[in-house]
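Student: Sequence and predicted model, in that order:
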Amino acid sequence: MQNQIQLTNAITRIRHWLIPLALAVGCFALPPIARAVDPPPDGGYANYNTAEGMNALFALTFGLENTALGYNALYYTTTGSYNTATGYDALRLNTTGSFNTATGASALFNNTTGGSNTATGYLALGLNTTGSYNTASGYNALQKNTTASNNTATGSSALSLNTTGTDNTAHGANALFNNTTGNRNVANGSSALYSNQTGGDNTVIRIRPDPRTRPLVRLHSRITQAASKTRPWALSPLQISAPEVTTLRWALRPA
(Lines give C-alpha, C1' and ligand atoms only; values in the text may rest on other atoms or scores of the structure.)
Protein backbone atom coordinates (compact mmCIF):
# COMPACT_ATOMS: atom_id res chain seq x y z
CA MET A 1 0.00 0.00 0.00
CA GLN A 2 2.81 2.38 0.88
CA ASN A 3 4.59 1.60 -2.39
CA GLN A 4 1.44 2.44 -4.37
CA ILE A 5 1.14 5.80 -2.60
CA GLN A 6 4.80 6.61 -3.40
CA LEU A 7 4.27 5.70 -7.09
CA THR A 8 1.21 7.95 -7.30
CA ASN A 9 3.14 10.87 -5.77
CA ALA A 10 5.99 10.36 -8.25
CA ILE A 11 3.63 10.39 -11.25
CA THR A 12 2.01 13.56 -9.96
CA ARG A 13 5.38 15.29 -9.64
CA ILE A 14 6.32 14.23 -13.21
CA ARG A 15 3.09 15.65 -14.57
CA HIS A 16 3.78 18.96 -12.84
CA TRP A 17 7.17 19.13 -14.60
CA LEU A 18 5.96 18.05 -18.06
CA ILE A 19 3.78 21.11 -18.72
CA PRO A 20 6.53 23.73 -18.12
CA LEU A 21 8.99 21.57 -20.07
CA ALA A 22 6.68 21.38 -23.07
CA LEU A 23 6.21 25.14 -23.03
CA ALA A 24 9.97 25.70 -22.88
CA VAL A 25 10.63 23.40 -25.80
CA GLY A 26 7.91 25.13 -27.81
CA CYS A 27 9.66 28.48 -27.38
CA PHE A 28 12.81 27.10 -28.99
CA ALA A 29 11.07 25.32 -31.83
CA LEU A 30 12.13 26.31 -35.38
CA PRO A 31 9.97 29.13 -36.81
CA PRO A 32 8.11 28.55 -40.08
CA ILE A 33 9.96 29.32 -43.33
CA ALA A 34 9.88 33.07 -43.92
CA ARG A 35 8.67 34.38 -47.29
CA ALA A 36 9.75 37.62 -48.94
CA VAL A 37 6.15 38.50 -49.77
CA ASP A 38 2.84 37.01 -48.77
CA PRO A 39 1.06 35.78 -50.81
CA PRO A 40 4.02 34.53 -52.86
CA PRO A 41 4.48 35.98 -56.38
CA ASP A 42 2.85 34.26 -59.32
CA GLY A 43 3.54 34.49 -63.04
CA GLY A 44 6.47 32.08 -63.07
CA TYR A 45 6.40 29.57 -65.94
CA ALA A 46 8.53 26.85 -67.47
CA ASN A 47 11.99 27.64 -68.83
CA TYR A 48 12.39 30.55 -66.39
CA ASN A 49 9.81 32.76 -68.12
CA THR A 50 7.86 35.39 -66.19
CA ALA A 51 4.59 36.94 -67.30
CA GLU A 52 2.31 39.43 -65.54
CA GLY A 53 -0.63 41.07 -67.29
CA MET A 54 -3.42 39.98 -69.60
CA ASN A 55 -2.11 38.09 -72.68
CA ALA A 56 1.52 38.58 -71.68
CA LEU A 57 3.65 35.88 -73.38
CA PHE A 58 0.39 34.49 -74.76
CA ALA A 59 1.87 32.44 -77.64
CA LEU A 60 5.09 31.27 -76.01
CA THR A 61 6.21 27.73 -76.94
CA PHE A 62 9.90 27.11 -76.30
CA GLY A 63 11.34 30.55 -75.52
CA LEU A 64 13.69 30.85 -72.56
CA GLU A 65 14.08 33.43 -69.80
CA ASN A 66 11.65 36.03 -71.11
CA THR A 67 10.03 38.63 -68.86
CA ALA A 68 6.75 40.22 -69.93
CA LEU A 69 5.05 42.81 -67.71
CA GLY A 70 1.96 44.50 -69.09
CA TYR A 71 -1.07 43.94 -71.29
CA ASN A 72 -0.07 42.12 -74.53
CA ALA A 73 3.62 42.35 -73.69
CA LEU A 74 5.55 39.83 -75.85
CA TYR A 75 2.16 38.55 -77.03
CA TYR A 76 3.29 36.69 -80.17
CA THR A 77 6.69 35.50 -78.97
CA THR A 78 7.07 31.78 -79.64
CA THR A 79 10.72 30.76 -79.49
CA GLY A 80 12.38 34.11 -78.79
CA SER A 81 14.52 34.14 -75.66
CA TYR A 82 16.08 36.54 -73.16
CA ASN A 83 13.65 39.36 -73.96
CA THR A 84 12.31 41.88 -71.43
CA ALA A 85 9.13 43.79 -72.20
CA THR A 86 7.65 46.26 -69.72
CA GLY A 87 4.55 48.21 -70.67
CA TYR A 88 1.36 47.97 -72.70
CA ASP A 89 2.03 46.31 -76.10
CA ALA A 90 5.78 46.31 -75.56
CA LEU A 91 7.41 43.89 -78.04
CA ARG A 92 3.90 42.71 -78.92
CA LEU A 93 4.62 41.31 -82.41
CA ASN A 94 7.96 39.76 -81.53
CA THR A 95 8.12 36.12 -82.58
CA THR A 96 11.67 34.76 -82.62
CA GLY A 97 13.72 37.87 -81.84
CA SER A 98 15.98 37.53 -78.80
CA PHE A 99 17.98 39.72 -76.41
CA ASN A 100 15.61 42.68 -76.80
CA THR A 101 14.65 45.11 -74.04
CA ALA A 102 11.55 47.27 -74.41
CA THR A 103 10.45 49.67 -71.67
CA GLY A 104 7.39 51.81 -72.34
CA ALA A 105 4.03 51.47 -74.03
CA SER A 106 4.38 50.15 -77.61
CA ALA A 107 8.17 50.17 -77.42
CA LEU A 108 9.50 47.78 -80.12
CA PHE A 109 5.84 47.05 -80.93
CA ASN A 110 6.40 45.69 -84.47
CA ASN A 111 9.67 43.89 -83.82
CA THR A 112 9.46 40.34 -85.18
CA THR A 113 12.91 38.81 -85.58
CA GLY A 114 15.21 41.73 -84.75
CA GLY A 115 17.59 41.07 -81.89
CA SER A 116 19.71 42.89 -79.34
CA ASN A 117 17.65 46.08 -79.50
CA THR A 118 17.02 48.39 -76.54
CA ALA A 119 14.05 50.74 -76.59
CA THR A 120 13.11 53.03 -73.71
CA GLY A 121 10.13 55.33 -74.05
CA TYR A 122 6.70 55.45 -75.67
CA LEU A 123 6.89 54.22 -79.30
CA ALA A 124 10.67 53.97 -79.17
CA LEU A 125 11.67 51.72 -82.11
CA GLY A 126 7.93 51.15 -82.50
CA LEU A 127 8.04 50.13 -86.20
CA ASN A 128 11.25 48.14 -86.06
CA THR A 129 10.80 44.69 -87.59
CA THR A 130 14.13 43.00 -88.32
CA GLY A 131 16.65 45.69 -87.41
CA SER A 132 19.17 44.69 -84.76
CA TYR A 133 21.65 46.30 -82.38
CA ASN A 134 19.69 49.55 -82.17
CA THR A 135 19.37 51.68 -79.04
CA ALA A 136 16.56 54.21 -78.68
CA SER A 137 15.97 56.25 -75.54
CA GLY A 138 13.16 58.79 -75.50
CA TYR A 139 9.66 59.35 -76.84
CA ASN A 140 9.48 58.45 -80.55
CA ALA A 141 13.21 57.80 -80.76
CA LEU A 142 13.92 55.74 -83.91
CA GLN A 143 10.14 55.31 -84.12
CA LYS A 144 9.97 54.58 -87.88
CA ASN A 145 13.10 52.43 -88.05
CA THR A 146 12.21 49.17 -89.80
CA THR A 147 15.18 47.08 -90.93
CA ALA A 148 18.17 49.30 -90.18
CA SER A 149 20.75 48.28 -87.61
CA ASN A 150 23.47 49.77 -85.44
CA ASN A 151 21.72 53.09 -84.76
CA THR A 152 21.78 54.98 -81.47
CA ALA A 153 19.19 57.65 -80.68
CA THR A 154 19.02 59.46 -77.35
CA GLY A 155 16.40 62.14 -76.84
CA SER A 156 12.78 62.78 -77.75
CA SER A 157 12.21 62.11 -81.48
CA ALA A 158 15.90 61.58 -82.17
CA LEU A 159 16.24 59.79 -85.56
CA SER A 160 12.45 59.59 -85.49
CA LEU A 161 11.91 59.24 -89.27
CA ASN A 162 14.87 56.94 -89.92
CA THR A 163 13.78 53.87 -91.89
CA THR A 164 16.80 52.04 -93.32
CA GLY A 165 19.73 54.32 -92.51
CA THR A 166 22.45 52.52 -90.55
CA ASP A 167 25.29 53.34 -88.19
CA ASN A 168 23.85 56.71 -87.17
CA THR A 169 24.24 58.33 -83.76
CA ALA A 170 21.91 61.08 -82.58
CA HIS A 171 22.06 62.67 -79.12
CA GLY A 172 19.53 65.36 -78.30
CA ALA A 173 15.89 66.12 -78.90
CA ASN A 174 15.04 66.02 -82.64
CA ALA A 175 18.63 65.28 -83.60
CA LEU A 176 18.72 63.76 -87.12
CA PHE A 177 14.91 63.95 -86.99
CA ASN A 178 14.31 63.80 -90.76
CA ASN A 179 17.02 61.30 -91.58
CA THR A 180 15.54 58.41 -93.57
CA THR A 181 18.25 56.49 -95.42
CA GLY A 182 21.42 58.44 -94.57
CA ASN A 183 24.25 56.38 -93.08
CA ARG A 184 27.12 56.98 -90.67
CA ASN A 185 25.96 60.36 -89.40
CA VAL A 186 26.75 61.76 -85.95
CA ALA A 187 24.60 64.55 -84.50
CA ASN A 188 25.08 65.90 -80.99
CA GLY A 189 22.76 68.57 -79.65
CA SER A 190 19.15 69.60 -79.90
CA SER A 191 17.96 69.51 -83.54
CA ALA A 192 21.46 68.82 -84.83
CA LEU A 193 21.29 67.71 -88.50
CA TYR A 194 17.52 68.10 -88.22
CA SER A 195 16.90 68.43 -91.97
CA ASN A 196 19.31 65.76 -93.18
CA GLN A 197 17.45 63.04 -95.06
CA THR A 198 19.75 60.92 -97.20
CA GLY A 199 23.17 62.48 -96.67
CA GLY A 200 25.89 60.38 -95.11
CA ASP A 201 29.15 60.73 -93.22
CA ASN A 202 28.19 64.01 -91.53
CA THR A 203 29.23 65.07 -88.05
CA VAL A 204 27.62 68.02 -86.27
CA ILE A 205 28.20 69.08 -82.67
CA ARG A 206 26.10 71.91 -81.25
CA ILE A 207 27.12 73.44 -77.93
CA ARG A 208 25.02 76.01 -76.07
CA PRO A 209 26.97 77.23 -73.02
CA ASP A 210 24.71 80.28 -72.76
CA PRO A 211 21.04 80.03 -73.80
CA ARG A 212 20.98 83.78 -74.58
CA THR A 213 23.40 83.38 -77.48
CA ARG A 214 23.40 81.45 -80.70
CA PRO A 215 25.32 78.14 -80.83
CA LEU A 216 28.99 78.91 -80.20
CA VAL A 217 30.48 75.93 -81.93
CA ARG A 218 29.35 74.01 -84.98
CA LEU A 219 31.59 71.24 -86.18
CA HIS A 220 30.84 69.82 -89.60
CA SER A 221 32.87 67.01 -91.12
CA ARG A 222 32.12 65.71 -94.61
CA ILE A 223 33.91 63.04 -96.59
CA THR A 224 33.96 64.07 -100.24
CA GLN A 225 33.54 60.94 -102.32
CA ALA A 226 33.97 62.71 -105.66
CA ALA A 227 37.70 63.13 -105.11
CA SER A 228 40.17 60.66 -106.57
CA LYS A 229 40.68 57.56 -104.47
CA THR A 230 44.20 57.07 -105.76
CA ARG A 231 45.64 60.29 -104.31
CA PRO A 232 46.63 60.78 -100.63
CA TRP A 233 44.26 62.68 -98.31
CA ALA A 234 45.01 65.66 -96.13
CA LEU A 235 42.92 67.33 -93.46
CA SER A 236 42.50 71.04 -94.26
CA PRO A 237 40.96 73.16 -91.49
CA LEU A 238 39.04 76.31 -92.47
CA GLN A 239 37.94 78.65 -89.68
CA ILE A 240 35.30 81.39 -89.98
CA SER A 241 34.94 83.83 -87.07
CA ALA A 242 31.88 85.90 -86.16
CA PRO A 243 30.85 87.85 -83.05
CA GLU A 244 28.56 85.13 -81.70
CA VAL A 245 29.36 81.96 -83.59
CA THR A 246 32.53 80.20 -84.65
CA THR A 247 32.26 77.63 -87.39
CA LEU A 248 35.07 75.15 -87.79
CA ARG A 249 34.72 73.20 -91.02
CA TRP A 250 37.01 70.35 -91.94
CA ALA A 251 36.96 69.20 -95.54
CA LEU A 252 38.85 66.15 -96.62
CA ARG A 253 40.53 67.00 -99.92
CA PRO A 254 43.47 65.61 -101.91
CA ALA A 255 46.88 66.91 -100.86
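Tutor: Thanks, I have the structure now. Source: prediction; values computed, not measured.
Student: Strands along the stretch 101-250 of the chain, start to end?
Tutor: Ranges of strands within the stretch 101-250 of the chain are 101-103, 118-120, 135-137, 152-154, 169-171, 186-188, 202-207, 217-222, 233-241, 246-254, based on DSSP state E, counting those that start in this stretch.
Student: Which strands or helices does the fifth one pack on?
Tutor: Packed against strand 169-171 by the contact rule (3 or more C-beta pairs under 8 Å, 6 or more residues apart in numbering; DSSP states H and E) you find strand 152-154, strand 186-188. The C-beta positions use only the backbone N, C-alpha and C, and glycine is treated the same way.
Student: number of nearby residues for Y139?
Tutor: 18 (other C-beta atoms under 10 Å).
Student: Return the residues in contact with it.
Tutor: Counting by C-beta atoms under 8 Å, 6 or more residues apart in numbering, Y139 touches G121, Y122, L123, A124, S156, S157.
Student: redo that, cut-off 10 Å
Tutor: Shown in contact with Y139 (C-beta atoms under 10 Å, 6 or more residues apart in numbering): G104, T120, G121, Y122, L123, A124, G155, S156, S157, A158, S160, A173.
Student: Next: E65.
Tutor: E65 makes contact with N47, Y48, N49, T50, S81, Y82, N83, T84, S98 under the criterion C-beta under 10 Å, 6+ apart.
Student: ok, G131 to T79 distance?
Tutor: 19 Å (C-beta to C-beta, to the nearest Å).
Student: Ok, N150 next?
Tutor: 24 Å.
Student: now swap in S98 and tell me
Tutor: For S98, the distance to T79 equals 9 Å [C-beta to C-beta].
Student: same check, this time on T169
Tutor: Note on T169: its distance to T79, by C-beta to C-beta, is 32 Å.
Student: more neighbours, the two?
Tutor: Taking neighbours as other C-beta under 10 Å, T169 and T79 compare with T169 leading, 20 against 14.
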